[in-house]
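K.L.:
quick one: sequence and predicted model below, then my questions.
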Amino acid sequence: MKVIGLTGGIASGKSTLSRMIFRRRIPIIDADLLAKKVVEPGKPAYNLIINHFSRDVLNEDGTLDREKLGNIIFANENQRKILNKCTHPFIRREAFKLLVWYWITGEKMVVLDIPLLIESGLQKWMSSVVVIYVSERLQVSRLIKRDNLLEHVAIQRISAQMPLGEKVKYADYVIDNSGDLSETEKQLNIVIAKLYPTVWSWFITWIGPPALVALGITVAIKNKMLMMGWYL
Ligand SMILES: CC(C)(COP(=O)(O)OP(=O)(O)OC[C@H]1O[C@@H](n2cnc3c(N)ncnc32)[C@H](O)[C@@H]1O)[C@@H](O)C(=O)NCCC(=O)NCCS
Ligand SMILES: Nc1ncnc2c1ncn2[C@@H]1O[C@H](COP(=O)(O)OP(=O)(O)OP(=O)(O)O)[C@@H](O)[C@H]1O
């Protein structure tokens, strides 16, 4: 199974691209969605957040006040690192469970949509990395429009991540999302055509890991039996 890392900057178009990918029946693992799931009331990440940020970051109904927490962590790198420590291990665990599920069910390709893929060093584990790029000016204006933010707040949020110009250096493929959606979709089609595995290469990567594990166990058992003199 090919695991494709999709990343970019805040408001560069990851979710827009993910929706196009999903329409092609390729499974998506959305880290923003998992990040919402792991902070539901009572979950371990939720408890860690309250321990550090106090109940001030909760709504009256006990759910997380995302706007309030966002205002704290996007303005302060230390607080952001602490929030990341509270949430990232659980997000990774959920993503891993989904990956195993997709592998068991024989999917040929899965896309992991992770805004902080490169910041957290996870790009090393991907079969390929796709970065969705826009200029910083366009990123600022799309972010202001989508989230109704003041310009300096939008710039502060963008600065909380590695600059997009840096991220493209890690990319196997770059999709430029500065044009209209049909232009983005055309580029996506080209990238998918290049990345989508053939049945044969999928089968090798699907059967390969368990076959190697089985071989390793067989060899280890045989060696053990030889050492114990059970073989004549
Ligand atoms: C700070 C929170 C509460 C703000 O919630 P909100 O609903 O306003 O935004 P949402 O979750 O949709 O995120 C929007 C975008 O912000 C950026 N972003 C989110 N968290 C971070 C972070 N810790 N560092 C840098 N950028 C971030 C991403 O580009 C993301 O796509 C929330 O983003 C959060 O819990 N973040 C920590 C978990 C995390 O790192 N999520 C990113 C996916 S791994
Ligand atoms: N090609 C495009 N033309 C015009 N608007 C676009 C285009 N691509 C995305 N947008 C708009 O830009 C905004 C940001 O896009 P999107 O939400 O997909 O970004 P994102 O990278 O997923 O953001 P985040 O990191 O915050 O989750 C949205 O309002 C979206 O509708």
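P.N.:
Good, I have the coordinates. Ligands and ions are numbered 1, 2, ... in the order given.

K.L.:
all contacts plus neighbour counts: C-alpha atoms, from now on.
P.N.:
OK.

K.L.:
for residue 192, give me its contacts.
P.N.:
Going by Cα atoms under 8 Å, 6 or more residues apart in numbering, residue 192 touches no other residue.

K.L.:
if I look at it, how far off is residue 221?
P.N.:
43 Å (Cα to Cα, to the nearest Å).

K.L.:
residue 49 too?
P.N.:
Here the criterion is Cα to Cα. By it, residue 49 lies 47 Å from residue 221.

K.L.:
of the two, who's got more company?
P.N.:
The neighbour comparison of residue 49 against residue 221 (other Cα atoms under 10 Å) goes to residue 49, with 22 against 12.

K.L.:
for that one, what are its contacts?
P.N.:
Neighbours of residue 49 in contact, by Cα under 8 Å, 6+ apart: 83, 86.

K.L.:
which pLDDT does the model give it?
P.N.:
In this model, residue 49 is scored at 98, pLDDT.

K.L.:
A helix includes it, no?
P.N.:
Yes. The assignment for residue 49 by DSSP: H, G, I helix; E, B strand; the rest coil puts it in a helix.

K.L.:
which is the next helix or strand following the helix or strand encompassing residue 81?
P.N.:
Here residue 81, judged by DSSP states H and E, is contained in helix 77-104. Helices and strands here follow DSSP H and E; after helix 77-104, the next one along the chain is strand 109-113.

K.L.:
report all helices and strands that that following strand contacts.
P.N.:
strand 2-8, helix 14-23, strand 28-30 (3 or more Cα pairs under 8 Å, 6 or more residues apart in numbering; DSSP states H and E).

K.L.:
in JSON lines, list the ones you listed along with mean neighbour count, mean pLDDT and distance to residue 135.
P.N.:
Below are the helices and strands packed on strand 109-113 laid out as JSON lines (neighbours: other Cα atoms under 10 Å; pLDDT from 0 to 100; distance: least, Cα to Cα, whole Å):
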{"stretch": "strand 2-8", "mean neighbour count": "24", "mean pLDDT": "97", "distance to residue 135": "11"}
{"stretch": "helix 14-23", "mean neighbour count": "16", "mean pLDDT": "96", "distance to residue 135": "14"}
{"stretch": "strand 28-30", "mean neighbour count": "19", "mean pLDDT": "98", "distance to residue 135": "23"}
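
K.L.:
output the contacting helices and strands for the helix holding residue 81.
P.N.:
helix 31-37, helix 44-53, helix 66-74.

K.L.:
tell me which residues in that helix are buried?
P.N.:
79-80, 83-84, 86-88, 90-91, 94-95, 98-99, 102-103 (16 or more other Cα atoms under 10 Å).

K.L.:
return the distance of it from the chain's centre.
P.N.:
9 Å (Cα atoms, centre = their mean, to the nearest Å).

K.L.:
is ligand 1 contacted by it?
P.N.:
Yes. Helix 77-104 lies within reach of ligand 1 by Cα under 6 Å from any ligand atom, at 80, 83, 84, 87.

K.L.:
please apply the same query to stretch 45-57.
P.N.:
No. Using Cα under 6 Å from any ligand atom, we find that stretch 45-57 stays clear of ligand 1, coming within 9.4 Å at best.

K.L.:
now do the helix or strand of the chain with the lowest mean pLDDT: distance to the chain's middle.
P.N.:
Within the chain, no helix or strand scores below helix 199-227, which has a mean of 88 by mean pLDDT, DSSP states H and E. Here helix 199-227 is found 29 Å from its chain centre; the criterion is Cα atoms, centre = their mean.
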